[in-house]
Every structure is written in C-alpha cells, then in structure tokens.
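K.L.:
Here is my input; please provide its structure:
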Amino acid sequence: MVNVHEVIDDKLRTFIEAQPLFFVATAPLAAEGHVNVSPKGTLGSLAVLGPDKLAYLDLTGSGAESLAHLRENGRITLMWAAFGGPPNIVRVHGRGEVVFRDDPRWDEYVGLFAAAADPGPRAIVLVTATRVSDSCGYAVPFMEYKGERRLLAEYFGRRDEEFHIDYVARKNAVSIDGLPAVPVETLRDAR
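P.N.:
Residues are numbered from 1 along each chain as shown. So this is what the prediction gives:
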C-alpha cells in the first residue's frame, strides 16, 4: 500500500538518513531518449534540508545523465529501499536543480557533505519534493551492508585536477543522448 505524505517528516527523514544507498531516476523530454537510474550512496553525500528539500553531492563518474536531464527539464525521483530491518520503500518525486562548482551557492552547500572532502565532486543537486510516498517493500530482499567502496575517491585522489577536468571533458560533458551535462568551465573557474 502506498502512503502519500505532505512532507518528509521525522520518521521518513530518519529512514532516509539511515540508508547507505539510494537511487536517482531522471529522463530527457525526447521520447526516444534514455531513461536513467543511478545508484548513489557514498556516506556523507546526502542531506535532508527540510520538510520538502534534499540535496546530494554528485561525484564524477562514467556518465552524467542525471545532470543532463535535470538541466533540460528538472524532473527527478529519489528512492530508498530497506535491505535490512522492517520493509519499506520511500520515494521523493520532485524538481531538481544543479549547482556546479562555479555557482556562488556552492560554498553554501558543499559544507553539508562530509564526502566533499574526497576528490571528484562535480555538482550538488538540490531537490524540491512535489510528492513524498512510502510503500511496503515486502518483496525487497534482505541484503547485508559491508561498508563503503573507496575506489572512486582513491582513483581521483591519485590524479591531479587537470586529469579530473580532462576526464569530465571526455566523459561527462554531454549525455548519451547528446544533451549538455557538465560544463567543463565550471571546474576550471572553481579552482
């Protein structure tokens, strides 16, 4: 059964903040474009900012579909599932806005994320909830959380900022559908 909530209340906030993994779903406007679902979850990369606001630190990766879709249309859904304890699934549908490293608001938000101390952050995504719901999660399997993977931070930690900028230019500047994703100049201007 789905329960729709007016806001992210204390119970939902506690659940969200306790999950080591969440998923982000976005899609382009074009019908032939690719829908994207990305796993997120580095500890210290998510913040519940208020009853209808969340933010997450977007780390450099192999693609930038979510950022491209958000820049185009702002539609986003975040989902958390309980892999341990009582079954539960929480979804936040909303509008997302990308804050790149050269944005004056970067300094206002980046301090919210412990993960920002690691190399590789490329953006912060601000989400304003338009619908908050939870459902049973009865079919979600139990899974054991063993810890964080530090490979991404270690990968970029062994390289300099010029490598990071080149990587973003080659792999994150446009989406697989050709939409603008990460403007490389946002990284250069922020140094």
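K.L.:
same for the helix ranked longest in the chain, what does it pack against?
P.N.:
Looking across the chain with DSSP state H, the single longest helix is helix 161-171. In terms of contact count using 3 or more CB pairs under 8 Å, 6 or more residues apart in numbering; DSSP states H and E, helix 161-171 is assigned the packing partners helix 185-190. Backbone N, C-alpha and C define where each C-beta goes, glycine included.
K.L.:
at 10 Å what do you get?
P.N.:
strand 121-135, helix 151-157, helix 185-190 (3 or more CB pairs under 10 Å, 6 or more residues apart in numbering; DSSP states H and E).
K.L.:
Which one of these lies nearest to residue 92?
P.N.:
Ranking those by distance to residue 92, with CB to CB as the measure, places strand 121-135 first at 4.9 Å.
K.L.:
buried sites along the closest one?
P.N.:
Neighbour-count burial for strand 121-135, with 16 or more other CB atoms under 10 Å as criterion, is recorded at 121, 122, 123, 124, 125, 126, 127, 128, 129, 132, 134.
K.L.:
and that strand with helix 161-171, angle?
P.N.:
With axes from the mean of the first three to the mean of the last three CA atoms, to 10 degrees as the basis, strand 121-135 and helix 161-171 are set at 60 degrees to each other.
K.L.:
Strand 121-135 pairs with which strands, and in what direction?
P.N.:
According to DSSP bridges, strand 121-135 has the following sheet partners: strand 3-5 (antiparallel), strand 53-59 (antiparallel), strand 89-100 (antiparallel).
K.L.:
chain center to it: distance?
P.N.:
How far strand 121-135 lies from its chain's middle: 8 Å, per CA atoms, centre = their mean, to the nearest Å.
K.L.:
For residue 5, give me its contacts.
P.N.:
Going by CB atoms under 10 Å, 6 or more residues apart in numbering, residue 5 touches 11, 12, 51, 90, 92, 129, 131, 132, 133, 134.
K.L.:
Dump the residues you listed into a markdown table; add distance to residue 84 as well.
P.N.:
Listed next are those as a markdown table, based on distance: CB to CB, whole Å:
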| residue | distance to residue 84 |
| --- | --- |
| 11 | 17 |
| 12 | 17 |
| 51 | 26 |
| 90 | 15 |
| 92 | 21 |
| 129 | 25 |
| 131 | 26 |
| 132 | 22 |
| 133 | 21 |
| 134 | 16 |
